[in-house]
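Visitor: no letters, just coordinates:
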């Protein structure tokens, strides 16, 4: 059954590659009818394949999973989900006494342990490894999975963001992931377990106002691929999760967080850049970003289902894109099509901003 599914998924990828070849060879004739139809069809078939039952690992009671970024949002929800199906869970939180951490302690089983962990600090990561090792020695369980979920986002145009802001995002989203993975690989090698990395749909295609976030997620995709190739020989499976728009299910994408973040960006912007763009334009961008969650999903169940598949299927996919069909089609169109398709899409969006232009473009 698994071999058949692999063949079908490979066939669908070939269809998508074929679509790109046809775009290049027959752009004028096919670009508005044939190619979108092929990509949409392939996306729909992939959507159907994802719901076909597959063989799962039976005994979870002796398996432990470490999850980073459990204070809020998807990480917190995943800790609850994995605890409910029988895993021993190490829920790593930036603050062990945060409201989210306290909620996990109160509402989950005794098999869940909250660990304080700042993924940007080597000492914290080493201390977390020692806590996990000691706990596993006492329980007799094995570390089956590491879920690298910690992430932050800083939004704004490239000229608005300082190099320090880019470093801040990369230190959590990418380097934090690498720190945690390297520390826990020896334990995963013993169990031949799983590494599950949180990427994003924006690890597939970039968009305006989110360069620092997109850069980090593109890098997560590359890290996951390189690691997966290297871990074959050890029997460790590496899976990348690429959620669509679940902004409303994540604390960092809440309106108040967006606005305070953009205010910080404005305050730290050089004076000449402030004068070039103007506060009116920056506020319009902020309003646009704040509206992003309204077009997405508030229920994280699709994301949780794919995380569970990544950790419990005998042969999980290398990537999961938890999202509705429309977002999957958009992702495939922008990912597999030539660059001019994305350019056209975002240029059309820019034209709709005719009443909200940077200050010096409006004069």
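Guide: Nice, I can see it. Just so it is clear, the model here is predicted, and its values are computed rather than measured. Residues are numbered from 1 along each chain as shown.

Visitor: can you show me the strands along this protein?
Guide: 63-67, 88-93, 112-116, 142-148, 194-198, 237-241, 319-320 (DSSP state E).

Visitor: relative to the last one, what are the paired strands and their orientations?
Guide: It stands for strand 319-320. Here strand 319-320 is paired, per DSSP bridges, with strand 237-241 (parallel).

Visitor: try the fourth one
Guide: Partner strands for strand 142-148, per DSSP bridges, with pairing direction: strand 63-67 (parallel), strand 194-198 (parallel).

Visitor: can you redo the strands of the chain as JSON lines with mean neighbour count and distance to residue 156?
Guide: For glycine as for every other residue, the C-beta is placed from the backbone atoms N, C-alpha and C. Below are these laid out as JSON lines (neighbours: other CB atoms under 10 Å; distance: least, CB to CB, whole Å):
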{"stretch": "strand 63-67", "mean neighbour count": "26", "distance to residue 156": "29"}
{"stretch": "strand 88-93", "mean neighbour count": "28", "distance to residue 156": "27"}
{"stretch": "strand 112-116", "mean neighbour count": "20", "distance to residue 156": "30"}
{"stretch": "strand 142-148", "mean neighbour count": "25", "distance to residue 156": "25"}
{"stretch": "strand 194-198", "mean neighbour count": "25", "distance to residue 156": "22"}
{"stretch": "strand 237-241", "mean neighbour count": "24", "distance to residue 156": "26"}
{"stretch": "strand 319-320", "mean neighbour count": "20", "distance to residue 156": "29"}
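
Visitor: between those strands, which one is closest to residue 77.
Guide: Nearest of the strands of the chain to residue 77, taken as CB to CB: strand 63-67 at 10.1 Å.

Visitor: let me have the strands paired with strand 142-148 in TSV, extended by mean pLDDT and distance to residue 123.
Guide: Output for these, formatted as TSV (pLDDT from 0 to 100; distance: least, CB to CB, whole Å):
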stretch	mean pLDDT	distance to residue 123
strand 63-67	98	17
strand 194-198	98	22
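
Visitor: okay, those strands in CSV with distance to residue 185 next?
Guide: Formatted as CSV, those follow (distance: least, CB to CB, whole Å):
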stretch, distance to residue 185
strand 63-67, 12
strand 194-198, 8
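
Visitor: which residue lies nearest the spatial centre of this protein?
Guide: Geometric centre of the chain, nearest residue: residue 199, 2.7 Å, by CA atoms, centre = their mean.

Visitor: quick one: which of the strands of the chain is nearest residue 160?
Guide: Using CB to CB, the strands of the chain put strand 194-198 closest to residue 160, at 25.5 Å.

Visitor: what comes into contact with the closest one?
Guide: 69, 74, 144-151, 177, 181, 188, 220, 223-224, 227, 231, 236-241, 243, 307, 310-311, 316 (CB atoms under 8 Å, 6 or more residues apart in numbering).

Visitor: change it to 6 Å
Guide: Contact with strand 194-198 is made by 145-149, 220, 224, 237-241, 310-311, as judged by CB atoms under 6 Å, 6 or more residues apart in numbering.

Visitor: likewise stretch 221-230?
Guide: Residues contacting stretch 221-230 (CB under 6 Å, 6+ apart): 197, 199, 203, 238, 240.

Visitor: my guess is the last one contacts residue 319, does it?
Guide: Just to be clear, that refers to residue 240. Yes - in this structure, residue 240 is within contact of residue 319 by CB atoms under 6 Å, at 5.0 Å.

Visitor: how close does residue 238 get to residue 227?
Guide: 5 Å (CB to CB, to the nearest Å).

Visitor: now render the contacts of strand 194-198 as JSON lines, adding pLDDT and distance to residue 160.
Guide: Output for the contacts of strand 194-198, formatted as JSON lines (pLDDT from 0 to 100; distance: CB to CB, whole Å):
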{"residue": "145", "pLDDT": "98", "distance to residue 160": "38"}
{"residue": "146", "pLDDT": "98", "distance to residue 160": "34"}
{"residue": "147", "pLDDT": "98", "distance to residue 160": "32"}
{"residue": "148", "pLDDT": "98", "distance to residue 160": "28"}
{"residue": "149", "pLDDT": "96", "distance to residue 160": "27"}
{"residue": "220", "pLDDT": "98", "distance to residue 160": "23"}
{"residue": "224", "pLDDT": "98", "distance to residue 160": "29"}
{"residue": "237", "pLDDT": "98", "distance to residue 160": "40"}
{"residue": "238", "pLDDT": "98", "distance to residue 160": "34"}
{"residue": "239", "pLDDT": "98", "distance to residue 160": "34"}
{"residue": "240", "pLDDT": "98", "distance to residue 160": "29"}
{"residue": "241", "pLDDT": "97", "distance to residue 160": "29"}
{"residue": "310", "pLDDT": "97", "distance to residue 160": "36"}
{"residue": "311", "pLDDT": "98", "distance to residue 160": "39"}
